[in-house]
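Q: Sequence plus the predicted model coming up.
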Amino acid sequence: MGPVRGFRKRKKTEKKHEENASASGSPEEGPLDWWDEFSRRINGLQSPSKGLDKFESVFKISRKTFDYICSLVKEDMMAKAAHFMFTNGKPLTLCDQVAVALRRLSSGESLVTIGDSFGLNHSTVSQVTWRFVEAMEERGLHHLKWPSTEIEMAEIKSKFEKIRGLPNCCGVIDTTHIMMCLPASDPTSNVWLDHEKNHSMVLQAVVDPDMRFRDIVTGWPGKMKDWLVFQSSNFYKLCDKGERLNGKNLELPEGSEIREYIIGDLGYPLLPHLIIPYEGKELPESRAEFNRRHHATQVVAHRALARLKEMWRIIQGVMWRPDKHRLPRIILVCCLLHNIVIDMEDEAQDEVPLSYDHDSGYHQQICGTVDIKGVHMRDRLSLYLSGRLSH
């Protein structure tokens, strides 16, 4: 599979997650006390904990979110005839299958480790996880989309402005690396060797103020520069054609305007719709202040990518010889799950420590390309924020 470069809208009307979230354990999905039985199995025959804290410590999500995910993938996962069995011969229910897949994605433990702890062959863990990934790709894409209404975009702009005052900002873009351990015999290993001497695949994301991913690109080798990944994206092409970031301009009293834009670091070009910080150390105060505001807002993307890797640890650290055609789809599904946790207002996410470091060991790239319209746009923003343009 090539790079994941944006998603077409599904033709079928998706059910609202409020309706789906009420799904509970029917006999075909698993008994109502499914968790008691399941926890007994993974804890030996110890007395299971009835508390949600135990469930959340295993899966990193609440039972409500788990039930919603089950309702999303139920049709696809139960449609294909497959007879997945525990090693004791008992068939896996839908809840069992989702639990195994979520554990694999959230713990990052090996197939063998998860198989041993759940009483499964490691091949079953692999097959169940992949079936879940396919079902989530089919049923979960509506959780990762660009805002479709003016009201939704106005709320995003308002939240960004409340961080450190950037007006009319629609998103923050950033890139992280998913590291891989590839065998020396792999003929493509050099393709994946990045500038920090790691084998890696990039994930580039545009993030909203709630740390929700609004657009992603993945699948490219880690040595590809941030700005080239951006220019390859459907997001960039839509901006270039005037079909994205084309909403209401902020009109300033003295007659100029500030258009919609996203912000990024120095690894990106300065464009009318992509604003980066000023370069240099001895900056005038208005520009230094702009950079401080820019950085404080950029932190949203650092936190989002750090939380993604912390919650879905299959893509944290170094992946052991992954299938490079399947990996972009696993990354996509981890991003969908990240967004679902936010959309469900799952309190379990509050237990994940806030971190900023999602790309340890990687140095700041410098693009250096500037568009004159981008220069004027950034200067207008800087003057506006310093109070030298009328508010």
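A: Here it is on my side, so go on. In this text, all values refer to a predicted model and were calculated from it rather than measured experimentally. Numbering: from 1, shown residues only.

Q: sec struct for Cys155, please.
A: You called it Cys, but residue 155 is Glu. helix (DSSP: H, G, I helix; E, B strand; the rest coil).

Q: Distance of it relative to Tyr261?
A: 17 Å (CB to CB, to the nearest Å). For every residue, glycine as well, the C-beta is placed using N, CA and C.

Q: How about Ser71?
A: With CB to CB as the criterion, Ser71 and Tyr261 are 37 Å apart.

Q: do Cys170 as well
A: The gap separating Cys170 from Tyr261 is 7 Å, by CB to CB.

Q: Gln364 now?
A: Relative to Tyr261, Gln364 is positioned 21 Å away (CB to CB).

Q: which one of these two has more residues nearby?
A: Shown here are Gln364 and Tyr261; by other CB atoms under 10 Å, Tyr261 has more neighbours (23 against 9).

Q: On the strand side of things, show who that one bridges to.
A: Cys169 (DSSP bridges).

Q: just checking, it touches Ile276?
A: No. Counting by CB atoms under 8 Å, Tyr261 does not reach Ile276; the two are 10.5 Å apart.

Q: And the pLDDT at the residue nearest to Val375 when sequence neighbours are not counted?
A: Excluding the flanking residues, the one nearest Val375 by CB to CB, 6 or more residues apart in numbering is Leu270, at 6.5 Å. pLDDT recorded at Leu270 is 98.

Q: Near Leu270, how many other residues are there?
A: Leu270 has 23 nearby residues by other CB under 10 Å.

Q: ok, now how distant is it from Arg244?
A: Taking CB to CB, one finds Leu270 at 18 Å from Arg244.

Q: Kindly list the main-chain dihedrals of the residue of the chain most remote from its centre?
A: Distance from the C-alpha centroid of the chain, by CA atoms, centre = their mean, peaks at Glu254 (39.8 Å). Main-chain torsions, Glu254, degrees, to the nearest 10: phi -80, psi 10.

Q: can you check the one 4 residues further on too?
A: Ile258 has phi and psi values of phi -120, psi 120 when expressed as degrees, to the nearest 10.

Q: Identify the residue nearest it in space, chain neighbours excluded?
A: Nearest in space to Ile258, with sequence neighbours left out and distances taken as CB to CB, 6+ apart, is Leu250 at 4.3 Å.

Q: nearest residue to Val98 other than its sequence neighbours?
A: Excluding the flanking residues, the one nearest Val98 by CB to CB, 6+ apart is Cys70, at 5.1 Å.

Q: so what secondary structure elements neighbour the helix or strand that contains the one you found?
A: Counting by DSSP states H and E, the element that carries Cys70 is helix 63-79. Applying 3 or more CB pairs under 8 Å, 6 or more residues apart in numbering; DSSP states H and E, one finds that helix 63-79 makes contact with helix 17-20, helix 52-59, helix 94-107, helix 122-139, helix 327-343.

Q: Dump those to JSON lines, plus mean neighbour count, mean pLDDT and distance to Tyr384.
A: Compiled in JSON lines, those are given as follows (neighbours: other CB atoms under 10 Å; pLDDT from 0 to 100; distance: least, CB to CB, whole Å):
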{"stretch": "helix 17-20", "mean neighbour count": "14", "mean pLDDT": "40", "distance to Tyr384": "38"}
{"stretch": "helix 52-59", "mean neighbour count": "16", "mean pLDDT": "73", "distance to Tyr384": "44"}
{"stretch": "helix 94-107", "mean neighbour count": "23", "mean pLDDT": "95", "distance to Tyr384": "43"}
{"stretch": "helix 122-139", "mean neighbour count": "19", "mean pLDDT": "96", "distance to Tyr384": "42"}
{"stretch": "helix 327-343", "mean neighbour count": "22", "mean pLDDT": "97", "distance to Tyr384": "30"}
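
Q: ok, which stretches of the stretch 251-391 of the chain are strands?
A: Secondary structure of the stretch 251-391 of the chain, counting by DSSP state E, counting those that start in this stretch: strands at 257-258, 261-263, 274-275, 318-320.

Q: Would you format the ones you listed as TSV with distance to Ser126 and mean pLDDT included?
A: Formatted as TSV, these follow (distance: least, CB to CB, whole Å; pLDDT from 0 to 100):
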stretch	distance to Ser126	mean pLDDT
strand 257-258	50	94
strand 261-263	38	98
strand 274-275	40	98
strand 318-320	13	87
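
Q: Cool, thanks, signing off.
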